[in-house]
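> Compute the structure for the input listed below.
(2 chains)
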Amino acid sequence: MTSTEQHIDEVLLSILSQVSDPEIPVLTILDMGVVRSASIVNGEVLVKITPTYSGCPAMDVIGDDIKTALEIAGYKSKVELVLSPAWTTDWITEKGRKALENYGIAAPLDEHADKEALLGNKKRVKCTNCGSINTKLVSQFGSTACKALFKCEDCLEPFDYFKCL
Amino acid sequence: MDSNLYNYILGIADNNLILGQRLGELCGHGPSLETDIACTNISLDLFGQVRSYFQYAAKLKGNNINEDEVAFLRPEREYKNVLLVEQPNTNFAYIIVRQFLFDAYHLLFLQELQKSKDITLSAIANKSIKEVSYHYRFSSDWIKRLGDGTDESQAKIQNAINDLWTYTDELFHQVEADKILIEAGVGVDVTQLKAPYYSRVSEVLAQATIQVPDLKYFQKGGKQGIHTEHMGFLLADMQYMQRAYPNMTW
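Alright, predicted model coming up:
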């Protein structure tokens, strides 16, 4: 959506792509869309990250992991938290969505479909285990702030759904 | 320091802090696993938001103070939260009704705060509103489920509404800091939210087959720092670590 506002210096891309989300290790912070900018200013890297949810406890860890990764690559760095523009699930890359699905977390739907799914009005969320859409919302809130809990009525497996934000 | 802006931020953020604390008390004590997780998730959202507000407030205050000092090291009279959010977790009906009555207000408030000329406040509002929409969806859903549920669940929701309704009017009271900041285009005129609030809340209550109380007298005082008896106990719990081990950090 507003990914045009994202500016990451070429040379930093490979370093930052080594940092993953501590709660969803299959997802890099770049796939997640939390890095808004990274640039080298006077020999120091300034990285701006934005939280997925305000209370996301992973943000402090992500900030530290970024600093460590950059330090290993020989850069001094500063990490800044920015709130605006607010993070949206639209910023998760296609590669990130696939990684989520493979990990067993259903990727977010669009806003309208999300509302129908979470209110239980329509069956929209696809089971990550068997692919059926005969699924049921178990809990609007899940194991982390960004997820809801679903259950497949066909293969009976419970799975997480990444809420649309 | 702009003390009006500082006080204004506390006026918003203390509601998050105290309600977050109340919901946090339910960690491991919710009536079911799903509602336990929901209440603590909402608590986490509120704490995340309050952290942003307090970081901003601490920056305004200067002297190297941090958000923890703003949160933990004030006496009761300096907390500016509304009385509604400090009310105890009497039973699940009270928890849901308190949440619903606050969420409906919170959502309307953040819609307006997004338009603030203060870019930090509008950014926090912009971020928070997405989370609060989920809270409102959760609490209004439960109001309907329990209100339009069994005789017992309906009676309990009605009882909680009757008891907590007296704290709703205060949400729309203006304090000194409000007036100056509304003029500056920074603050929200809460008096304007009253009509849409009661109409939205009444609509949900009607769907839940719950009667809207007809009250003439409302409780107030929280915004001036004059709290109900529950507040002292809540703070004793919340501030314990900082009082017992001053300046402790993680």
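
> Chain A versus the closest residue in space to B:Thr168 that isn't next to it in sequence, what's the distance?
Leaving aside its sequence neighbours, B:Thr168 sits nearest to B:Leu101 (CB to CB, 6 or more residues apart in numbering or on different chains; 5.8 Å). All C-beta atoms are positioned from the backbone trio N, CA, C, and that covers glycine. According to CB to the nearest CB, to the nearest Å, B:Leu101 stands 19 Å off from chain A.

> Next, count neighbours for B:Leu101.
25 (other CB atoms under 10 Å in any protein chain shown).

> Check B:Arg77 too.
11.

> list the contacts for the residue nearest to B:Thr168?
B:84, B:164-165, B:167-168, B:201 (CB atoms under 8 Å, 6 or more residues apart in numbering or on different chains).

> Contacts only, for residue 71.
Using chain A. A:Glu71 sits next to A:Ser77 when contact means CB under 8 Å, 6+ apart.

> try again with chain B
Neighbours of B:Ala71 in contact, by CB under 8 Å, 6+ apart: B:17, B:50, B:54.

> switch the cut-off to 6 Å
Going by CB atoms under 6 Å, 6 or more residues apart in numbering or on different chains, B:Ala71 touches B:Phe54.

> still on that earlier bit, where does the residue nearest to B:Thr168 land in three-state SS?
Classification of B:Leu101 using DSSP: H, G, I helix; E, B strand; the rest coil returns helix.

> go on, A:Tyr161?
Going by three-state DSSP: A:Tyr161 is strand.

> Without its sequence neighbours, what residue ends up closest to B:Glu67?
Using CB to CB, 6+ apart and skipping the chain neighbours, the partner closest in space to B:Glu67 is B:Phe54 (3.7 Å).

> check which helix or strand covers the one you found.
Using DSSP states H and E, B:Phe54 sits in helix B:33-61.

> For that helix, list every residue counted as buried.
Using 16 or more other CB atoms under 10 Å in any protein chain shown as the test for burial, helix B:33-61 gives B:34-58, B:60-61.

> Kindly report the same for stretch B:62-71.
Buried positions in stretch B:62-71, judged by neighbour count with 16+ other CB under 10 Å: B:67-71.

> Which one of these is nearest to chain A?
Closest to chain A out of the buried residues of stretch B:62-71 is B:Glu67 (12.4 Å), distances taken as CB to the nearest CB.

> Stretch A:100-111 and chain B, are they touching?
No - Stretch A:100-111 lies out of reach of chain B by CB under 6 Å from any CB of the partner chain, never closer than 10.0 Å.

> got the contact list for that stretch?
With CB under 6 Å, 6+ apart as the criterion, stretch A:100-111 contacts A:26, A:89, A:97, A:124-125, A:128, A:159-162, A:164.

> And for stretch A:48-58?
Contacts of stretch A:48-58 (CB under 6 Å, 6+ apart): A:22-23, A:34-37, A:59, A:80, A:82, A:87, A:145-146, B:44-45, B:47-49, B:127.

> Which of the residues you listed are buried? Put it as a ChimeraX command.
The buried residues among the contacts of stretch A:48-58 can be selected in ChimeraX (16+ other CB under 10 Å) with this line:
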select /A:23,34,35,36,37,59,87,145,146 /B:44,45,47,48,49,127
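
> Which ones among the contacts of stretch A:48-58 map onto strands?
Judged by DSSP state E, strands contain the following of these: A:35-37, A:80.

> Can you give me every residue that contacts B:Leu164?
So B:Leu164 contacts B:97-98 (CB under 6 Å, 6+ apart).

> And the strand or helix carrying it, how far out from the chain middle?
Using DSSP H and E, B:Leu164 sits within helix B:151-164. Helix B:151-164 has its C-alpha centroid displaced from the chain centroid by 21 Å (CA atoms, centre = their mean, to the nearest Å).

> residue ranges with poor pLDDT in chain A?
By pLDDT under 70, the weakly predicted segments of chain A are A:1-4, A:119-121.

> In it, which residue sits nearest chain B?
Nearest to chain B, among the residues of chain A, is A:Gly55, at 2.5 Å (CB to the nearest CB).

> per-residue pLDDT, the residue lying closest to that residue once chain neighbours are set aside?
Excluding the flanking residues, the one nearest A:Gly55 by CB to CB, 6+ apart is B:Gly48, at 2.5 Å. Note on B:Gly48: pLDDT of 95.

> Spell out which parts of chain B neighbour chain A.
Residues of chain B lying near chain A (CB under 6 Å from any CB): B:34, B:37-38, B:41, B:44-45, B:47-49, B:123, B:126-127, B:130, B:138.

> go with 8 Å
B:33-34, B:37-38, B:41-42, B:44-49, B:51-52, B:119-120, B:122-124, B:126-128, B:130-131, B:134, B:137-138, B:141 (CB under 8 Å from any CB of the partner chain).

> Specify the residue positioned farthest from the middle of chain A.
Taking CA atoms, centre = their mean, the residue of chain A most remote from its mean C-alpha position is A:Asn42, at 30.4 Å.

> I am finished for the moment; much appreciated.
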